[in-house]
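Asks: fold the following for me, if possible:
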Amino acid sequence: METRRHERQPFFSRANWDFYTHGTGNKSGFVTNFSLGGCLLQSNDPIDHRRWVRILLEDEYSNLSVALVGRVVHLENALESVNDGEFTLYRHGIQFTHPTILTQDQADLILALSRRNLSVLSCLKRNRKSSFRPGFLA
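Replies: Model prediction:
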């Protein structure tokens with residue numbers, strides 16, 4: 001039985017995350033897909049079920065960042081190679097709580113931050129369809 005309300009978008013970006021209510025410091029991971037209602041966070045640190053996390057996606061070239069807050073709704077132990085010999089041990093399904101659902105403009109911005117976007121031929125092509133203009137992230 002499928003409980004997913006929004007279509008997943010292939011996506012890949014390095015991400016920093018931390019526990020929303022505790023000052024334990026940033027941890028690193030990867031967001032490997034997302035939808036309007038959540039994302040998949042892969043990391044080497046386990047996160048308890050229903051735990052709130054803050055995820056920060058940053059673009060080093062444009063100095064643009066997006067912060068998302070969500071809670072873990074799924075945890076899977078999975079050793080995976082994600083980026084040039086880097087491995088992760090856990091896959092966390094994150095349901096967004098702020099914003100609860102992304103707008104299409106926010107989704108376009110997140111897609112533009114991806115380094116390995118398999119569903120969009122180019123960020124500029126995608127930007128022509130959104131409120132962001134070509135060259136916005138250049």
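Asks: list the helices and strands the longest helix seen in the chain packs on?
Replies: In the chain, with assignment by DSSP state H, the single longest helix is helix 104-113. Contact here means 3 or more Cβ pairs under 8 Å, 6 or more residues apart in numbering; DSSP states H and E; on that basis helix 104-113 packs against strand 9-19, strand 52-59, strand 64-83, helix 123-128. (Each C-beta comes from the backbone N, C-alpha and C, glycine too.)
Asks: for Thr32, which non-adjacent residue is spatially closest?
Replies: Using Cβ to Cβ, 6 or more residues apart in numbering and skipping the chain neighbours, the partner closest in space to Thr32 is Leu40 (5.1 Å).
Asks: against Gly25, how distant is the one you found?
Replies: Going from Leu40 to Gly25 by Cβ to Cβ, to the nearest Å gives 22 Å.
Asks: so these two - more neighbours on which side?
Replies: Between Leu40 and Gly25, counting by other Cβ atoms under 10 Å, Leu40 is the more crowded of the two (18 against 8).
Asks: does that one lie in a helix or a strand, and which?
Replies: Leu40 belongs to strand 38-43 when assigned by DSSP states H and E.
Asks: I'd like the average pLDDT over that strand.
Replies: What strand 38-43 shows for mean pLDDT is 91.
Asks: report the angle between that strand and helix 104-113.
Replies: With axes from the mean of the first three to the mean of the last three Cα atoms, to 10 degrees as the basis, strand 38-43 and helix 104-113 are set at 30 degrees to each other.
Asks: buried stuff in strand 38-43?
Replies: Using 16 or more other Cβ atoms under 10 Å as the burial criterion, the residues of strand 38-43 that qualify are Gly38, Cys39, Leu40, Leu41, Gln42, Ser43.
Asks: now render the helices and strands packed on helix 104-113 as TSV, adding mean pLDDT, distance to His98 and mean neighbour count.
Replies: Below are the helices and strands packed on helix 104-113 laid out as TSV (pLDDT from 0 to 100; distance: least, Cβ to Cβ, whole Å; neighbours: other Cβ atoms under 10 Å):
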stretch	mean pLDDT	distance to His98	mean neighbour count
strand 9-19	87	14	19
strand 52-59	88	9	18
strand 64-83	86	4	14
helix 123-128	42	24	17
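Asks: will you turn these into TSV that also has distance to Leu113?
Replies: Formatted as TSV, these follow (distance: least, Cβ to Cβ, whole Å):
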stretch	distance to Leu113
strand 9-19	6
strand 52-59	5
strand 64-83	7
helix 123-128	9
